[in-house]
Structures are given as C-alpha cells and as structure tokens.
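Trainee: Sequence and predicted structure, then a few things I'm wondering about:
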Amino acid sequence: MKILGLSAFYHDSAAAIIENGEIIAAAQEERFTRKKHDAAFPTNAVKFCLNYGGTKLSQLDAIAFYDKPLLKFERLLETYYAFAPKGLSSFITAMPVWLKEKMFLKRLLYEELEKIEGFDKKKVKLLFPEHHLSHAASAYYPAPFDDAAILTIDGVGEWATASICHGKGRDITILKELKFPHSLGLLYSAFTYFLGFKVNSGEYKLMGLAPYGVPGSEEVKRFVDIIKNTLVDIKEDGSIWLNQEYFSYATGLRMVHEDKWEKLFGFKLRKPEAELQSHHCNLGLAIQEVTEEAVIKMAAEAKRLTQSDNLCMAGGVALNCVANGKVYNTGLFKEVFIQPAAGDAGGALGSALAAYHIYYEQDRIKPVSLDGMKGSYLGPEYTDLDIKLTAKKYNGKYQYFNDTQELSKHVAQLLSEGNVIGWMQGRMEFGPRALGGRSILGDPRNAEMQNKLNVK
C-alpha cells in the first residue's frame, strides 16, 4: 500500500511517501526551488518522492492532504463575523483567494498533480485528515513507543491551536484541544513580529535572542509580569486565554496593535535589521520563559490524562528546542520523541501516516532502527558521479579523496584556518535542522565566526 502525503499553500510545502507504513522519502519544496518556506504546490518534492518510491501517481492507493480546508474556511468566516465590523480590509483581501483557490482545493490538487502525470482520479482516494491529527500522527507513528502522550502546539490549524492526544497501538485518541483565537504559537509569533523578525520564519531568531537577555533581572521580571497580567492568562492545565484587545491577527493584516504594545512595554516596535538593544533581548527572554511555563503545564496535563511514560511532540512550537529540553528535564516522562520536521512540512508525512493507520486501519510496524524517521535523512542523495559531472558543468575546482580520514583531516585544517565549509553527505534532512547531511561548518573557537557566517 502506497500513500502520498502533501502539505501546501500556507508555508513550508512538502511531500512524503510511505509504503506499508514505512517512510520511504520526504522533502520540502524549498529545497528544490530555493525559495525559503516555499508555500507553492510541492511539484518538485512530489516528483522526488514518486521517483524515490519507484512509483507513479496511478499506482498510489491514496493521496492525503494535511488539513481540512472547508473547516478552516468555516473558522475564518465565524471569526470575521464575531469581530465585525473590525477586519473588513482583511476580509476583502482574504476572501477572493479563498473563493478562487482554497474553497476548491480538491480540484486544485488534482490539477497540480495532473501536470506531473496523468492518472485516474476515481482510482486514487483523496483524504483530508485534520491539521492537528496530521501533526500528532507525524510524531507518534514513527516513534518507538506503543503507548504515548502526544502534545501538538502551533499557530492554528482549522480551529485547534494545541492538542493533547493518546497514542495506543495504531490508534490516536484526541483528549483535549485549545481553540482559536487562543494560541501559544500565535502569542510567540506576535513577539516575533514586535521584535522585528518575520512571522512564520523568524521564530527561531527570537529563540536565539532569548539567551542574550539577563536571567532574573528586574526588567525581565517586569516584562514577564506584564505579559502574564495583561496579554495572556495561563491556566493550570497549560491552556491559555489571550486578551484580544492587544492582538489583531484574528481579523487584521498585522499581528498586534502596535501602539498598545509600545505603551505596554515602553519602547517602539523594532524595525527589521535595526540594532538590537538590551530591552529587546530581555523581552525575548521574558516571552521564552512564559512559553516554557505553558508548554511544561501542557505536558503535565498530557501526563495526567494518559498516565503514559512516553511523550511525542509536534507542531511549530515543538521546534523550540529550549522549551523541549525543559519538558524533558522535569522528569514527567521517561522518553520524549520530537518529530524533526515539527512544523507544517511534517504535516505531509503525518497525513500519509494517519491515512494508513486510521483510515485504512493498518497496524504499526516496529522500526528497524531507533525510530521510523531513519534519522530524518529522507530527502535526495547524490552519487560521486553526479557530483563530478556538476563540478565539470560549472567549471568548479575540485579535489577527490578516496579516504574519508584524509578528507576529514583536510576539512579540519581548513576549519582551523577560519574557513567556512559547506558539508554534504548522504540523504538530505527532512525538517529545518541541519543534522550533518546538509550543514554549514565553522570553527566555534573563532570569536569572529558567527559574524562571518551571518555575512556570508
């Protein structure tokens, strides 16, 4: 049984293919088009997955898309109605796109797939699992557990912004959901925006900014108090309530009411590329601490509801490695497994796995290695001949090493001399983390290296 999973049209489009429950290949469209967070239909990723899986569209049993567009449309309409007359300009901007493309997503998907290869639509089933179920499936099914609590946290799917599920055998049971507009992911993105980074792509920069704040300082404490007293109420089970008077993402074209935030924190919204000041760093640390508190409480609630020794995590907030580390260090769970492609790209894989195990009721297979992700090395790979031909095509200078030891020695020497190395080996990673398959290397002992890397 072969199933193709897709995520597209929001950000981080991707495709994945599984065969009899085994993950064969998965890749993000950005890796082929070189457009960061490419949201377009993943034509190149689909072609790669089909080729690597040795199959055609007509030979697939099903194609799964990572969310339910009509349910998402319902949420948009109900939200605009609830906030009316606010959001008129946003409504006028969003509706034509929805009516033209996303309302008729089934047709659009078939049209895009037929550009790749003609196939009989009646023979290949098209399935739409819910967004957070796709996230949950992406984390649970590849994990080496027969029983696990599953925590998914992101901006928003259709209605859900976070979920707690229980994975047992081949089944996933949804136990609790947090609903839009209350969202930990959107809260974090609001601070990403206010601190001058790009929403849906700059969150990792905000996470990287936090360590430059001063832990325990009066300013950090003051910012934490402001966030918790004015913007967000964190309940004991980790669910949150956001004060919508300060946010405009529900119906606006921006994340926050800038004037209110500037008054609240005592400084202006940071412009992109503007110099970072100590108060920016301290606010970054404050929202990181608040996020960690909410995630830990959600994890504790997941433990209470499932009584499982294992935890699986996915959704964009699960890319917050620092928060994940804090969850692990609580000792609530003996084992924690985090989907490496925790964001929307991983939804492509999760939708395929959900289709296989839930829709087709197929039992899980025990992973051959540590987990079913194969170390997350699921993308394309290149032979020595491919590399030599490419080097010749572009008149690239190259030196060939027969011996890996010799190669490693040579690279180590170059690194010690302050050079930056692009390192490629084996299959490409699936997800945003460089894991040695496609990595940029620099000598961390060199005080100038971080600057050098950023400039390059």
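Mentor: All right, it came through fine. Residues are numbered from 1 along each chain as shown.
Trainee: State which helix of the protein is the longest.
Mentor: Across the chain, the longest stretch assigned as helix under DSSP state H is helix 278-306.
Trainee: Could you list the single helix or strand in this structure with the lowest mean pLDDT?
Mentor: helix 88-100 (a mean of 76; mean pLDDT, DSSP states H and E).
Trainee: how about the helices in the stretch 101-250 of the chain?
Mentor: 105-116, 131-140, 184-194, 203-209, 218-226 (DSSP state H, counting those that start in this stretch).
Trainee: ok now the third one, how far from the chain's centre?
Mentor: This points to helix 184-194. Relative to its chain's centre, helix 184-194 lies at 15 Å (C-alpha atoms, centre = their mean, to the nearest Å).
Trainee: What angle do helix 278-306 and that helix make with each other?
Mentor: On the basis of axes from the mean of the first three to the mean of the last three C-alpha atoms, to 10 degrees, helix 184-194 is oriented at 170 degrees to helix 278-306.
Trainee: one step back: ok, which of the helices of the stretch 101-250 of the chain comes nearest Lys303?
Mentor: Across the helices of the stretch 101-250 of the chain, Lys303 has its closest neighbour in helix 131-140 (15.6 Å, C-beta to C-beta). C-beta here means a position set from N, CA and C on the backbone, and glycine is covered the same way.
Trainee: average pLDDT across the closest one?
Mentor: Averaging pLDDT along helix 131-140 gives 97.
Trainee: Report all helices and strands that it contacts.
Mentor: strand 147-153, strand 160-168, strand 171-179, strand 310-314, helix 344-354 (3 or more C-beta pairs under 8 Å, 6 or more residues apart in numbering; DSSP states H and E).
Trainee: buried sites along it?
Mentor: The neighbour-count check on helix 131-140 (16 or more other C-beta atoms under 10 Å) flags His131, His132, Leu133, Ser134, His135, Ala136, Ala137, Ser138, Ala139, Tyr140 as buried.
Trainee: Identify the nearest residue to the last one in space, disregarding sequence-adjacent positions?
Mentor: Just to be clear, that refers to Tyr140. Gly167 (3.9 Å; C-beta to C-beta, 6 or more residues apart in numbering).
Trainee: show me what contacts that neighbour?
Mentor: Gly167 makes contacts with Ala136, Tyr140, Tyr141, Ala143, Phe145, Asp147, Ala148, Ala149, Ile150, Cys312, as judged by C-beta atoms under 8 Å, 6 or more residues apart in numbering.
Trainee: how about 6 Å then?
Mentor: Tyr140, Ala148, Ile150 (C-beta atoms under 6 Å, 6 or more residues apart in numbering).
Trainee: hey, what's it bridged with?
Mentor: When assigned by DSSP bridges, Gly167 has beta-bridge partners Ala148, Ile172.
Trainee: so where's the stretch 301-450 of the chain shaky on pLDDT?
Mentor: Applying pLDDT under 70 to the stretch 301-450 of the chain flags residues 368.
Trainee: can you give me the strands for it?
Mentor: With strands called from DSSP state E, counting those that start in this stretch, the stretch 301-450 of the chain shows them at 310-314, 335-338, 421-424, 438-441.
Trainee: His357 is nearest to which of these?
Mentor: Among the strands of the stretch 301-450 of the chain, strand 310-314 sits nearest to His357 (C-beta to C-beta), with 13.8 Å.
Trainee: which helices and strands does that closest one pack with?
Mentor: Contact analysis of strand 310-314 by 3 or more C-beta pairs under 6 Å, 6 or more residues apart in numbering; DSSP states H and E lists helix 131-140, strand 147-153, strand 335-338 as its packing neighbours.
Trainee: buried sites along the shortest one?
Mentor: The reference is to strand 335-338. So for strand 335-338, counting by 16+ other C-beta under 10 Å, buried means Val336, Phe337, Ile338.
Trainee: Redo those as JSON lines? Include distance to Glu258.
Mentor: Shown next, in JSON lines, are the buried residues of strand 335-338 (distance: C-beta to C-beta, whole Å):
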{"residue": "Val336", "distance to Glu258": "37"}
{"residue": "Phe337", "distance to Glu258": "39"}
{"residue": "Ile338", "distance to Glu258": "34"}
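Trainee: Tell me what angle the least confident helix or strand of the chain forms with helix 105-116.
Mentor: Going by the same axes, to 10 degrees, helix 88-100 makes 60 degrees with helix 105-116.
Trainee: Centre of the chain to helix 88-100, how far?
Mentor: The answer for helix 88-100 is 25 Å, by C-alpha atoms, centre = their mean.
Trainee: And it, what's buried?
Mentor: Result for helix 88-100 [16+ other C-beta under 10 Å]: buried residues Ser90, Phe91, Ala94, Trp98.
Trainee: Please apply the same query to stretch 188-203.
Mentor: Within stretch 188-203, the residues that count as buried by 16+ other C-beta under 10 Å are 188-197, 199-200, 202-203.
Trainee: Need the pLDDT of the nearest residue to Gly213 once chain neighbours are set aside.
Mentor: Leaving aside its chain neighbours, Gly213 sits nearest to Leu285 (2.7 Å; criterion: C-beta to C-beta, 6+ apart). Leu285 is assigned 98 on the pLDDT scale.
Trainee: Leu285 is in contact with Pro211, isn't it?
Mentor: No - applying C-beta atoms under 6 Å as the test, Leu285 and Pro211 come out as separate, 7.5 Å apart.
Trainee: sorry, back to before: return the least confident helix or strand of the chain as PDB; C-alpha atoms alone will do.
Mentor: Provided in PDB are the C-alpha atoms of helix 88-100 (Å, rounded to 0.1, in the frame of the first residue of the first chain):
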ATOM      1  CA  LEU A  88     -13.200  44.500   6.800                       C
ATOM      2  CA  SER A  89      -9.900  45.200   4.900                       C
ATOM      3  CA  SER A  90      -8.500  41.800   5.800                       C
ATOM      4  CA  PHE A  91     -11.800  40.100   4.800                       C
ATOM      5  CA  ILE A  92     -11.700  41.900   1.400                       C
ATOM      6  CA  THR A  93      -8.100  40.700   0.900                       C
ATOM      7  CA  ALA A  94      -8.600  37.100   2.000                       C
ATOM      8  CA  MET A  95     -11.900  36.200   0.500                       C
ATOM      9  CA  PRO A  96     -11.100  36.300  -3.200                       C
ATOM     10  CA  VAL A  97      -8.100  34.000  -2.600                       C
ATOM     11  CA  TRP A  98     -10.200  31.600  -0.700                       C
ATOM     12  CA  LEU A  99     -13.100  31.600  -3.200                       C
ATOM     13  CA  LYS A 100     -10.700  31.200  -6.100                       C
END
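Trainee: List the contacts of it.
Mentor: Contacts for helix 88-100 (C-beta under 6 Å, 6+ apart): Phe73, Tyr80, Thr251, Gly252, Leu253.
Trainee: Just the residues you listed: which are in helices?
Mentor: Short answer: the contacts of helix 88-100 in helices (DSSP H) are Phe73, Tyr80.
Trainee: Nothing else from me, thank you.
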